[in-house]
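Chemist: below are the sequence and a predicted model for it; my questions follow.
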Amino acid sequence: MRYKIIITCNNKKKKVLVKTNNLETATKNYFRLKDKNKVMCPVEHIAYKKVKPVKYEIILMKVWEEGDTPFLDRDELGRTTQVEDKNKRWTILYKNDYYYEERFTIFDNKRRLNSIEIIKNILLRKNKSILVKQVNYINNKLLIHQNNDFDIIVCKCNKDAKRLYDTLFEFYNTNKLKNIMFTGKVSKNKKQVYKTIKEKTGWDEFKLYRTKTRP
């Protein structure tokens, strides 16, 4: 009997992780991969041509046999549904959500960073002259202010910027850090904030004001 473990993206196969002819090996690998899948700020949107929600799943399946019981799942409304391969090639044995660490675009930085790297390399960056740092966000852009300058982290959409902000704030609270002000979404002096961003980046009006990484 053939078994395989795959990752799906919005119900389409993304990657094959394991292939084996042994059920015990397949099961052990499945639960090992599922249990070690811990991320700080998971990917919730993709931005290819347009920004849209994304859901990843890890699935253990076997070759279809006559009499196989369809896998029972729940839809977005919590209703029980049957999941089965209409082509009768594979039968699902186990299925769970799977997560990837989100990576963010940093202005003037060639490499995209995940939330852990943002904390280490930007939020907690040491500078003897810094008294207080500030974190806020405007549309899909999160700003970390320090040393009379600021870093711009461009997110896929407004929701991702808020999520990253909340992730950094939770880290700040959990670790009882000091000298960092979290001031939330920019609601006052927006024109001045945009002017400051434009002066730093040189972005045109379209890129400056857009709320998603794709038009």
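Modeler: Structure's in. What do you need? Numbers count the residues shown, from 1 in each chain.
Chemist: give me the helices and strands touching the least confident helix or strand in the chain by mean pLDDT, please.
Modeler: Taking mean pLDDT, DSSP states H and E as the measure, the chain has strand 80-83 as its least confident helix or strand, at a mean of 78. Where contact means 3 or more Cβ pairs under 8 Å, 6 or more residues apart in numbering; DSSP states H and E, strand 80-83 is packed against strand 71-74. For glycine as for every other residue, the C-beta is placed from the backbone atoms N, C-alpha and C.
Chemist: and Lys195, that's in a helix?
Modeler: Yes. Under DSSP: H, G, I helix; E, B strand; the rest coil, Lys195 falls within a helix.
Chemist: and it, how far from Leu208?
Modeler: As judged by Cβ to Cβ, to the nearest Å, Lys195 and Leu208 stand 9 Å apart.
Chemist: what about those two, which has more around it?
Modeler: Leu208 (15 against 12; other Cβ atoms under 10 Å).
Chemist: against Ile197, how distant is the more buried one?
Modeler: For Leu208 relative to Ile197 (Cβ to Cβ), the value is 6 Å.
Chemist: got a pLDDT number for the closest residue in space to Gly184 that isn't next to it in sequence?
Modeler: Counting by Cβ to Cβ, 6 or more residues apart in numbering, Gly184 lies nearest to Asn136, which is 6.2 Å off, once chain neighbours are set aside. On the pLDDT scale, Asn136 is placed at 97.
Chemist: Asn136: what secondary structure?
Modeler: Asn136 ends up strand, using three-state DSSP.
Chemist: per-domain residue ranges of the protein.
Modeler: 3-98, 104-209 (automatic domain parsing).
Chemist: what is the end-to-end distance of the last one?
Modeler: This stretch, domain 104-209, spans 18 Å end to end (Cα to Cα, to the nearest Å).
Chemist: for this structure, which segments are assigned as strands?
Modeler: Ranges of strands within the chain are 3-9, 12-20, 45-48, 50-53, 56-63, 71-74, 80-83, 90-98, 103-106, 113-114, 133-138, 141-146, 149-154, 180-185, based on DSSP state E.
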